[in-house]
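Asker: I would like the atomic coordinates for the input below:
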Amino acid sequence: SNSFTTMEDDENCPAKDILEEANAYLAEGKMQDAKETFERALEIQIQALGEDHPLVGETHASIGDVLKDIGDLEEAMKNFERALEIKVGQVGENHSDTGINYRHIGDIACRKEDYQKAEEMYRRVLKIHLESESNDNSYLAAIYKHLAEVLQSQQKLPETINMFKKSLALNLKIFGEDHPEVARTYVSIGDLLLKQ
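Answerer: Predicted coordinates for the structure are as follows:
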């Protein structure tokens with residue numbers, strides 16, 4: 001069995017040249033060309049490695065990113081969900097790499113105004129991040145903010161305020177009082193307090 005974990009790991013990675021071509025299209029902003037090229041690479045990878053190989057999952061995630069940028073949220077969601085399925089099979093549900101996939105799905109769900117699903121995904125990301133004891137406070141602050149926004153969209157005001165306050169506390173540590181992100185969070189909390 002092949003033991004590629006990322007495209008860069010092995011010169012003999014199936015479709016390596018095609019993936020590089022797709023990434024070049026991406027860098028040039030040629031999204032349709034990137035999508036078609038990633039899809040060509042995916043077919044080759046599935047034939048060479050099987051449907052559940054980690055590289056296949058990575059390529060599904062790349063296709064999902066492109067589709068999200070194009071605005072095809074349904075197909076983006078399908079690709080991110082397939083990438084998640086492969087990642088869960090590889091490292092389990094509570095791994096930080098799996099958290100990235102949950103966040104992608106949460107972002108798409110949010111754009112589709114499926115706030116319940118977005119909330120579920122962001123809560124999974126939050127749980128994984130808190131259990132990992134990571135020191136990445138800016139990532140944690142962003143997750144609290146995303147969670148606050150989807151809770152606000154569902155009119156869950158007390159919990160929304162709580163999440164914004166958690167984001168604010170982290171951003172104060174990171175940026176200090178005079179940062180625009182801190183100011184935006186104060187405004188969000190103030191607006192919500194007025195609505196209560």
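
Asker: going forward, measure contacts and count neighbours with C-alpha atoms only.
Answerer: Noted.

Asker: Quick one: end-to-end length of stretch 175-182, please.
Answerer: 8 Å (CA to CA, to the nearest Å).

Asker: Can you mark which positions in that stretch are buried?
Answerer: By 16 or more other CA atoms under 10 Å, the buried positions in stretch 175-182 come out as 181-182.

Asker: quick one: contacts of that stretch?
Answerer: Stretch 175-182 is contacted by residues 168, 171-172, 183 when judged by CA atoms under 8 Å, 6 or more residues apart in numbering.

Asker: May I ask which helix or strand of this structure has the lowest mean pLDDT?
Answerer: Within the chain, no helix or strand scores below helix 180-195, which has a mean of 92 by mean pLDDT, DSSP states H and E.

Asker: picking that back up, please produce a PyMOL select command covering the buried subset of the contacts of stretch 175-182.
Answerer: Selection of buried members from the contacts of stretch 175-182 for PyMOL, criterion 16+ other CA under 10 Å:
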select buried, resi 168+171
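
Asker: Helices - which of the contacts of stretch 175-182 land there?
Answerer: Within those, residues falling in helices by DSSP state H are 168, 171-172, 183.

Asker: Can I get the contacts of stretch 175-182 in JSON lines including distance to Lys87?
Answerer: Below are these laid out as JSON lines (distance: CA to CA, whole Å):
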{"residue": "Leu168", "distance to Lys87": "32"}
{"residue": "Asn171", "distance to Lys87": "30"}
{"residue": "Leu172", "distance to Lys87": "34"}
{"residue": "Ala183", "distance to Lys87": "37"}
